[in-house]
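[1] Dropping a prediction and its sequence here:
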Amino acid sequence: MLHFPGPCPFPIARNSTFLGLAPARLERYFPFPTLIMNTPTLLALAGISFTLVAVPGRAQLAVTANDNHLTLVNGVKTVVANPPPDTVSIVDMGATPPKIVAEVMNVPSSIIGPPLSVAVTPDESLALVTCSMKVDPADPTKEIEDNKLSVIDLKATPPAVIATLETGKAPAGLSINRQGTLALIANRGDGSVSIYSINGKTVTPAGKVQVGNETSALGQVAISPEGKTALLSRDADNTISILKIDGTTVTPTGRDLKIGLRPYAVDIAPSGNVAVVGNVGPDNGDVDTIGVIDLKANPARVVDIIPVGQGPEGIKISPDGRYVAVILQNGSNKPKDSPFYSPKGKLVLFSLNGTKLSRIADAPIGAWAQGVVFSKDGHTLLVCNPLDKNLGVFNWNGLTLRDTQERVALKGGPVAVRTAEK
């Protein structure tokens with residue numbers, strides 16, 4: 001690799017490559033700000049000619065579920081009076097900056113539960129969205145449990161809801177297997193996991209399995225890459241349950257892991273060897289933790305628990321399995337007179353080497369922030385800012401985490417975000 005002793009003396013187009021590397025990769029080697037150019041450029045340096053060849057961007061869809069009926073007022077969750085309908089936004093992460101390509105209206109969603117209440121099929125043809133809570137028709141100042149799953153056709157013009165299915169009580173986090181044939185939903189209100197088969201654009205209920213009870217507060221179910229195992233967070237039980245998958249038959253294995261206080265969001269690395277869990281704790285201002293599960297061990301086991309900060313709400317492993325992004329409430333969900341209050345949340349990055357996590361970067365984000373997602377090259381991260389009704393756009397070049405100051409404005413408060421897991 002050619003190295004320059006100082007800043008690169010010429011601009012690089014963000015839609016071009018240099019020495020076979022895209023600009024985001026070049027930033028790892030050259031400490032220069034990339035500049036926008038409209039056409040490829042032929043430049044000479046030290047008597048050597050280089051050609052910058054434009055390459056078309058490849059689309060990658062990120063889908064957000066947007067809750068318009070619940071907000072935060074000085075640390076108190078408050079139902080919005082006469083709220084507009086909840087929505088779903090479809091974002092092209094292949095664009096620079098990422099941009100909205102479609103919005104689907106009247107798709108029920110809820111901020112209650114881990115910010116993983118949306119999932120996308122591997123071929124990006126369908127999105128599934130759960131709704132755990134809705135406004136109480138008898139008292140519009142309160143919420144009650146919902147039981148809805150919306151199926152969205154992402155390839156329709158425009159994208160649209162093509163089915164609404166019944167779930168268990170208060171459906172929260174869900175996942176679709178990498179084969180695109182199965183979806184599992186954690187139901188917070190009754191301790192069950194709903195099972196659905198997927199065939200093309202048809203999603204069919206295939207039963208449910210009881211794992212906890214109505215007080216277990218199931219949070220997220222994550223499916224391993226080979227599709228044979230799932231991890232289920234049981235918030236109120238302080239437990240991660242391991243489930244066995246055989247077709248559409250899902251059964252508890254009896255192996256329950258004690259990973260920390262109130263495990264919430266769960267993600268499994270693309271290798272299938274390791275999982276990470278955010279433990280949200282009692283929300284009392286004390287430090288909370290993230291846990292690491294060694295899935296290649298027999299039996300699977302907890303191998304590390306790491307202090308991270310207040311309220312690890314969202315957690316996501318990068319597509320290459322090298323990094324873990326964590327969203328911290330950081331006290332931004334507390335009243336302003338609380339000694340633990342902070343006006344900003346925090347995005348924290350860890351490197352992941354085997355089962356070893358090392359904290360490497362962090363950046364301030366919006367208050368009461370929720371989910372996070374990586375682009376497929378790992379260089380762009382989107383953060384859900386529900387109070388600001390936008391997505392924060394961050395760049396990671398392997399050395400520096402940078403807020404690009406770009407914001408993707410939405411028609412609702414984003415409470416969950418997901419891309420296709422392939």
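    Ah, there it is.

[2] how about the helices in the protein?
    23-26 (DSSP state H).

[3] the domain parsing of it - what is it?
    Segmentation of the chain into domains, based on automatic domain parsing, reads 1-56, 61-419.

[4] could you dump these to JSON lines with mean pLDDT?
    Converted to JSON lines, these look like this (pLDDT from 0 to 100):
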{"stretch": "domain 1-56", "mean pLDDT": "36"}
{"stretch": "domain 61-419", "mean pLDDT": "98"}
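
[5] for those domains, which one ends up most surrounded?
    The highest average neighbour count among the domains of the chain, using mean count of other C-beta atoms under 10 Å, belongs to domain 61-419 at a mean of 20. From N, CA and C alone the C-beta is placed, and that goes for glycine too.

[6] can you tell me the distance between the two ends of that one?
    With C-alpha to C-alpha, to the nearest Å as the measure, domain 61-419 spans 6 Å from end to end.

[7] same deal with stretch 321-340?
    Stretch 321-340 has an end-to-end distance of 33 Å (criterion: C-alpha to C-alpha).

[8] any idea how far that stretch is from the chain center?
    Its chain's C-alpha centre and that of stretch 321-340 lie 15 Å apart, by C-alpha atoms, centre = their mean, to the nearest Å.

[9] Over to stretch 256-275?
    The chain centre lies 14 Å from the centre of stretch 256-275; the measure is C-alpha atoms, centre = their mean.

[10] Then stretch 136-156?
    Taking C-alpha atoms, centre = their mean, one finds stretch 136-156 lying 20 Å from the centre of the chain it belongs to.

[11] Could you export that stretch as CSV, CA atoms only?
    Provided in CSV are the C-alpha atoms of stretch 136-156 (Å, rounded to 0.1, in the frame of the first residue of the first chain):
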residue,chain,number,x,y,z
ASP,A,136,-56.2,3.0,24.9
PRO,A,137,-59.4,3.8,23.0
ALA,A,138,-61.2,4.1,26.4
ASP,A,139,-58.5,6.5,27.8
PRO,A,140,-56.4,8.3,25.2
THR,A,141,-53.9,9.4,27.9
LYS,A,142,-52.8,5.7,28.4
GLU,A,143,-51.5,2.8,26.5
ILE,A,144,-52.6,-0.8,26.4
GLU,A,145,-51.1,-4.0,24.9
ASP,A,146,-51.4,-4.5,21.2
ASN,A,147,-51.0,-7.8,19.2
LYS,A,148,-50.2,-6.8,15.6
LEU,A,149,-47.6,-7.8,13.0
SER,A,150,-47.6,-5.8,9.8
VAL,A,151,-46.2,-7.3,6.6
ILE,A,152,-44.8,-4.7,4.1
ASP,A,153,-44.0,-5.4,0.5
LEU,A,154,-40.8,-3.4,0.0
LYS,A,155,-40.7,-4.1,-3.8
ALA,A,156,-44.2,-2.8,-4.5
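
[12] how close does the nearest residue to residue 106 once chain neighbours are set aside get to residue 224?
    Take residue 106 and drop its neighbours on the chain: the residue closest to it by C-beta to C-beta, 6 or more residues apart in numbering is residue 85, 4.5 Å away. With distances taken as C-beta to C-beta, to the nearest Å, residue 85 is found 35 Å from residue 224.

[13] Equivalent analysis for residue 282, please.
    Residue 282 sits at a distance of 30 Å from residue 224 (criterion: C-beta to C-beta).

[14] cool, residue 134 as well?
    As defined by C-beta to C-beta, residue 134 lies at a distance of 32 Å from residue 224.

[15] now residue 159
    Using C-beta to C-beta, we find residue 159 at a distance of 29 Å from residue 224.

[16] give me every residue that touches the residue nearest to residue 106.
    Contacts for residue 85 (C-beta atoms under 8 Å, 6 or more residues apart in numbering) come out as 68, 105, 106, 107.

[17] go on, residue 296?
    By C-beta under 8 Å, 6+ apart, the residues touching residue 296 are 272, 273, 274.

[18] In strands, which of the residues you listed appear?
    Per DSSP state E, strands hold the following members of the contacts of residue 296: residue 274.

[19] export the contacts of residue 296 to CSV and tack on distance to residue 339?
    Listed next are the contacts of residue 296 as CSV, based on distance: C-beta to C-beta, whole Å:
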residue, distance to residue 339
272, 42
273, 41
274, 36
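
[20] what's the closest non-adjacent residue to residue 291?
    residue 259 (3.7 Å).

[21] wait, doesn't the one you found sit right on residue 305?
    Yes. Between residue 259 and residue 305 there is a contact under C-beta atoms under 8 Å: 6.7 Å.

[22] shared neighbours, the two?
    With C-beta under 8 Å, 6+ apart, residue 259 and residue 305 have common neighbours 279, 291.

[23] what residues are up against the closest residue in space to residue 63 that isn't next to it in sequence?
    Sequence neighbours aside, residue 127 is the residue nearest to residue 63 in space, at 4.6 Å (criterion: C-beta to C-beta, 6+ apart). Neighbouring residues of residue 127 by C-beta under 8 Å, 6+ apart: 63, 88, 90, 118, 119, 120, 121, 151, 152, 154, 418.

[24] On the strand side of things, show who residue 127 bridges to.
    residue 120, residue 152 (DSSP bridges).

[25] Residue 397 contacts residue 379, doesn't it?
    Yes. Assessed by C-beta under 8 Å, residue 397 is found in contact with residue 379 at 6.5 Å.

[26] Tell me both backbone torsions, phi and psi, for residue 85.
    Per-residue torsions, residue 85: phi -70, psi 150 (degrees, to the nearest 10).
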